[in-house]
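S.K.: I would like the atomic coordinates for the input below:
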Amino acid sequence: MEKQGKGGNWRRNSVIWQWKTWLILSVSDADFDIIKDALYKHQVLVFKAQYDVSPKAQYEITQRFDPKATASYGHGKTLDAKRSILHPDLKTIPHQPQVQVIGNGFVEEYEGLKNIQLRHPHHKTFHATVIPEKDDLDFTRFYRWHIDAALYGLAPPVATTLFADRVPRGRTQTIRYEDSGEQMTVPLGTTAFVSGYTMYDLLSPEDKQFVLNTKVEYAPHPYVWMSGAKSRSDGLGLISEGKEVPLDKLPEIEQDKIQVLPMCWRNPQDDRLALQIHPSAIRKLHLGGGKVVDDLQEVREIVYRLQRPGIAPELVYAHDWEEGDFVIFHNRSLIHSVVGAFAEDEVRLFRQCNIAGSSLPEGPRYF
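M.R.: A predicted model of the protein is given here:
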């Protein structure tokens with residue numbers, strides 16, 4: 001389906017709109033309003049051939065989706081970076097600290113960083129079971145379905161931007177769904193997205209009533225807390241083996257920073273509801289009648305049952321990255337995952353930016 005819009009052509013593909021000709025660097029306020037409306041409506045936007053977007057411009061564009069947002073990186077900074085599961089994956093651009101460099105392989109110099117070794121997250125470092133080594137370059141998994149969010153102290157970002165500087169191409173991989181036997185062929189190093197709106201729409205009437213009246217309590221310092229635990233094979237939450245870091249072994253916990261958020265987040269533009277949960281960071285459920293479910297295994301099983309239908313192969317948008325792609329996604333209505341296994345000499349160089357929100361996400365109006 002094609003639609004002419006001001007500044008270029010849109011192409012509809014699943015949850016994404018692709019803008020072919022509009023230069024993101026020269027967006028007026030009126031044009032930005034069109035982009036913002038499109039983001040709230042379609043969740044993922046792709047701008048092609050944006051080779052001249054600097055880290056500064058990327059930060060400024062990202063902040064326009066939440067002008068009152070602070071300059072803090074959306075995942076926040078932990079007091080114990082060495083134990084955080086995010087620690088190995090992120091390099092900060094010195095002259096634009098809100099923008100991170102991610103990817104794979106050795107890069108001699110980039111935006112003030114020198115001799116950096118990037119490592120694309122591999123499921124063998126996080127999953128309880130792994131694909132055999134002999135199949136590793138042909139088959140892969142969703143690494144970790146997540147929201148870009150600190151989930152402790154800082155509000156989740158409204159939008160995340162990703163810029164593809166270098167993209168290795170020429171081969172695909174096959175995602176294995178170990179629980180169902182399904183498979184899905186994807187481009188090497190794709191970013192996978194699934195819609196929280198679809199997740200909500202798939203629920204039974206009884207489950208819709210449940211999620212509308214339930215809140216999720218996230219663990220304090222969640223990325224340190226989960227650092228010893230392992231993931232399900234589909235990347236949708238953790239296995240309960242008692243390997244989480246005990247609360248008394250975490251950095252100092254400030255009770256007022258622990259986040260208890262609605263299960264459903266409301267689109268401020270049209271009131272659609274997204275089932276929006278970070279499945280790896282959950283710790284408790286606060287039910288509508290006042291009961292608190294604090295058995296971690298039970299909490300995870302409930303959330304997994306609610307979310308699992310939404311990651312079926314036909315519901316996943318797996319972006320086929322090209323150099324110059326500038327992607328904006330609505331971080332408050334979808335979850336996404338890194339995918340893929342790279343050879344050591346396959347260099348992938350991306351920039352990402354997300355900024356902690358100026359306010360918490362809105363739940364259902366009658367919540």
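
S.K.: can you map out the helices along the stretch 101-250 of the chain?
M.R.: Secondary structure of the stretch 101-250 of the chain by DSSP state H, counting those that start in this stretch: the helices cover 196-201, 205-212, 222-225.

S.K.: Adding mean pLDDT, distance to residue 342 and mean neighbour count as columns, could you present these in JSON lines?
M.R.: In this view, the C-beta of every residue, glycine as well, is placed from N, C-alpha and C. Output for the helices of the stretch 101-250 of the chain, formatted as JSON lines (pLDDT from 0 to 100; distance: least, Cβ to Cβ, whole Å; neighbours: other Cβ atoms under 10 Å):
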{"stretch": "helix 196-201", "mean pLDDT": "98", "distance to residue 342": "29", "mean neighbour count": "22"}
{"stretch": "helix 205-212", "mean pLDDT": "98", "distance to residue 342": "37", "mean neighbour count": "15"}
{"stretch": "helix 222-225", "mean pLDDT": "96", "distance to residue 342": "23", "mean neighbour count": "25"}
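
S.K.: who wins for proximity to residue 354 among the ones you listed?
M.R.: Among the helices of the stretch 101-250 of the chain, the nearest to residue 354 by Cβ to Cβ is helix 222-225 (14.5 Å).

S.K.: Work out the sheet partners of the following helix or strand past the closest one and label each with its direction, please.
M.R.: For helix 222-225, the succeeding helix or strand toward the C-terminus, using DSSP states H and E, is strand 260-262. When sheet partners are counted by DSSP bridges, strand 260-262 sits next to strand 215-218 (antiparallel).

S.K.: And the partner strand, how far out from the chain middle?
M.R.: Computed by Cα atoms, centre = their mean, to the nearest Å, the chain-centroid distance of strand 215-218 equals 18 Å.

S.K.: And the contacts of that strand?
M.R.: With Cβ atoms under 8 Å, 6 or more residues apart in numbering as the contact definition, strand 215-218 has outside contacts at 151-152, 258-263, 277-278, 281-286, 292, 303.

S.K.: circling back: select, out of the helices of the stretch 101-250 of the chain, the one closest to residue 124.
M.R.: Once Cβ to Cβ is applied to those, the stretch that comes out nearest is helix 222-225, at 18.7 Å.

S.K.: C-alpha coordinates for that closest one, PDB please?
M.R.: This file holds the C-alpha atoms of helix 222-225, laid out as PDB (Å, rounded to 0.1, in the frame of the first residue of the first chain):
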ATOM      1  CA  PRO A 222      17.100  -4.900  37.200                       C
ATOM      2  CA  TYR A 223      20.100  -5.400  34.800                       C
ATOM      3  CA  VAL A 224      22.400  -6.300  37.800                       C
ATOM      4  CA  TRP A 225      19.600  -8.300  39.500                       C
END
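
S.K.: what packs against that helix?
M.R.: With contacts taken as 3 or more Cβ pairs under 8 Å, 6 or more residues apart in numbering; DSSP states H and E, helix 222-225 sits against no other helix or strand.

S.K.: mind checking how far that helix is from the chain centre?
M.R.: Using Cα atoms, centre = their mean, we find the averaged C-alpha position of helix 222-225 to lie 16 Å away from the chain's own average C-alpha position.

S.K.: same question, stretch 103-113
M.R.: Using Cα atoms, centre = their mean, the mean C-alpha position of stretch 103-113 is found 23 Å from that of the whole chain.
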